[in-house]
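> Need coordinates for the below:
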Amino acid sequence: MLKKLFGLGKSKGVKIESEKIFAPLTGKLLNIEEVPDPTFAQKMMGDGIAIEPTEGLVTSPVEGEIIQVFPTKHAIGIKSLGGLEILIHIGLETVSMKGEGFTTFIKEGDKVKVGDRLVEFSLDLVKEKASSIITPIVITNGERVNELTKENITTVTASKTEVIEVKLN
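Numbering: from 1, shown residues only. Below you'll find the predicted structure:
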């Protein structure tokens with residue numbers, strides 16, 4: 001109660017008003033509507049972008065905490081410092097690969113910074129066994145988003161290229 005009353009225990013008392021999301025993969029930037037899966041293309045999971053990767057490395061797009069690592073290692077959930085929940089779903093129909101070709105470097109509860117290595121995967125194996133290598137990056141808690149601005153570029157470099165700026169509620 002005293003912590004609440006006197007504002008103790010809060011992280012520096014600074015409210016984060018906007019966040020930048022960086023590309024978690026290197027490759028071609030696509031609109032979320034271009035993902036060949038209606039769940040993502042119709043924004044049923046949330047708004048975001050997609051990347052057609054040219055290499056099999058996923059890095060953290062934000063500073064935050066890992067909130068989910070799917071047992072099949074094909075998807076990661078991250079909560080940013082500002083409270084955005086970001087899903088990185090490597091390829092489409094990759095859950096059926098049961099983790100084959102995927103190596104994770106993080107676990108739930110880990111703190112991450114932009115550029116930290118999250119997952120390596122065999123791009124060739126995903127091309128062979130999944131329906132697509134296109135990787136959606138989605139903000140799943142849209143209620144936190146006041147305004148979302150996507151960069152209008154075609155190629156991105158993991159951890160270097162800003163792809164989305166979000167003004168938070």
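> what about the residue lying closest to residue 33 once chain neighbours are set aside, how many neighbours?
Using CB to CB, 6 or more residues apart in numbering and skipping residues adjacent in sequence, the residue nearest residue 33 is residue 41, 5.2 Å away. In short, each C-beta sits where N, CA and C put it, glycine included. By other CB atoms under 10 Å, 15 other residues sit near residue 41.
> Same question for residue 168.
16.
> Give me the nearest residue to it, chain neighbours excluded.
Closest residue to residue 168 apart from its sequence neighbours, by CB to CB, 6+ apart: residue 82 at 5.1 Å.
> wait, residue 57 sits on residue 159?
No: with contact defined as CB atoms under 8 Å, residue 57 does not count as touching residue 159 (9.5 Å).
> can you give me the helices in this protein?
For the chain, the helices defined by DSSP state H cover 2-6, 38-41, 123-129.
> Could you pull up the residues touching residue 127?
Residues in contact with residue 127 (CB atoms under 8 Å, 6 or more residues apart in numbering) are residue 133.
> and the residue most central in space within the chain, bridged to which residues?
Central residue of the chain (CA atoms, centre = their mean): residue 88, 3.8 Å from the mean position. Beta-bridge partners recorded for residue 88 (DSSP bridges): residue 76, residue 137.
> now it: how far from residue 104?
From residue 88 across to residue 104, the span is 12 Å (CB to CB, to the nearest Å).
> on that earlier part again, based on its surroundings, how many neighbours for the residue nearest to residue 168?
Neighbours of residue 82 (other CB under 10 Å): 18.
> now do residue 158
23.
> That one reaches residue 54, doesn't it?
No: counting by CB under 8 Å, residue 54 is not a contact partner of residue 158; they are 9.9 Å apart.
> give me the number of residues near the residue nearest to residue 106 when sequence neighbours are not counted?
Distances taken as CB to CB, 6+ apart place residue 66 nearest to residue 106, at 4.9 Å, with adjacent residues excluded. Residues within reach of residue 66, counting by other CB under 10 Å, total 20.
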